[in-house]
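Participant: Would you be able to build a 3D model of this:
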Amino acid sequence: MEFVSSTLIGAILACDALIYLNEGASSRSFWVAFERDYALRVGKPVYFYTPSGDICTQHTEPPLDLAIFPSFSHRQRDDVWPILEFMRKQRYFDPWLDSEIRPGEMWQIALVKGMDDIFARGGYVVSFLGNFNSEYMLEETKRGLEQQRVIVAGLGVQPPDFIRVYHDLFIQLVDNGRVNNNRIDDLIVRLYWLMFRIQYPQYLQE
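Facilitator: Model prediction:
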């Protein structure tokens with residue numbers, strides 16, 4: 001199944017510049033955040049238009065720092081790893097991985113430090129919940145929830161009770177037993193907007 005975002009990327013690459021609205025629904029759009037950031041990454045001029053003032057201004061900030069802390073069971077690595085590789089290589093995310101733990105370093109302390117670094121950079125915990133969720137993984141998800149910095153990606157299972165009430169934080173990636181690329185797009189563009197909201201609130205207009 002083709003990624004919907006790939007069509008948008010082709011359109012962005014074919015244009016000389018990108019202009020986005022920074023009022024109303026556009027200022028809260030996941031897809032606008034994605035389009036704006038991708039245009040910046042490929043060197044396109046980006047402008048934002050304010051309808052209430054009839055003003056067009058160049059967006060001069062750099063692309064987003066797409067830092068994420070992926071939380072998942074190593075028993076589901078084969079399911080999660082292709083998704084992370086796509087996010088890293090094709091959509092510019094910077095995942096913190098346990099391979100960054102130095103020899104001799106206490107892994108529990110290293111995980112907390114890694115998560116704190118992600119939060120400091122305006123990033124998010126991405127919790128991939130499947131059939132083999134460890135106690136540590138659920139604790140990482142809860143810590144992300146406490147910081148209001150977590151998105152839960154379902155691998156064919158329903159969210160636990162503590163996350164179920166937060167409907168906007170859960171995205172089911174699996175459809176009819178297979179990972180749905182459109183749902184991966186949903187996860188990616190929602191993260192783009194959430195990080196934009198945190199890192200560049202000055203561009204959000206009501």
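Participant: who's in contact with Asn22?
Facilitator: Asn22 sits next to Phe48, Tyr49, Thr50, Tyr203, Leu204, Gln205 when contact means C-beta atoms under 8 Å, 6 or more residues apart in numbering. Using the backbone N, CA and C atoms, a C-beta is placed for each residue, glycine as well.
Participant: Quick check: closest non-adjacent residue to the first one.
Facilitator: To tie it back to what came earlier, the one meant is Phe48. Among residues not flanking Phe48 along the chain, Asn22 sits closest, at 4.3 Å (C-beta to C-beta, 6 or more residues apart in numbering).
Participant: which residues of the protein score low on pLDDT?
Facilitator: By pLDDT under 70, the weakly predicted segments of the chain are 1-2, 98-107, 205-206.
Participant: mind giving me the domain ranges of it?
Facilitator: Using automatic domain parsing, the domain parsing of the chain gives 4-61, 67-197.
Participant: ranking those by burial, who's on top?
Facilitator: Mean neighbours per residue, mean count of other C-beta atoms under 10 Å, is largest over the domains of the chain for domain 67-197, with a mean of 17.
Participant: all strands for this structure, in order.
Facilitator: For the chain, applying DSSP state E gives strands covering 18-21, 46-50, 55-58, 67-71, 94-95, 124-129, 150-154, 170-172, 174-175, 178-179.
Participant: will you turn those into CSV that also has distance to Trp31?
Facilitator: Putting the strands of the chain into CSV (distance: least, C-beta to C-beta, whole Å) gives the following:
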stretch, distance to Trp31
strand 18-21, 10
strand 46-50, 15
strand 55-58, 20
strand 67-71, 19
strand 94-95, 21
strand 124-129, 18
strand 150-154, 16
strand 170-172, 15
strand 174-175, 20
strand 178-179, 21
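Participant: Perfect, that will be all.
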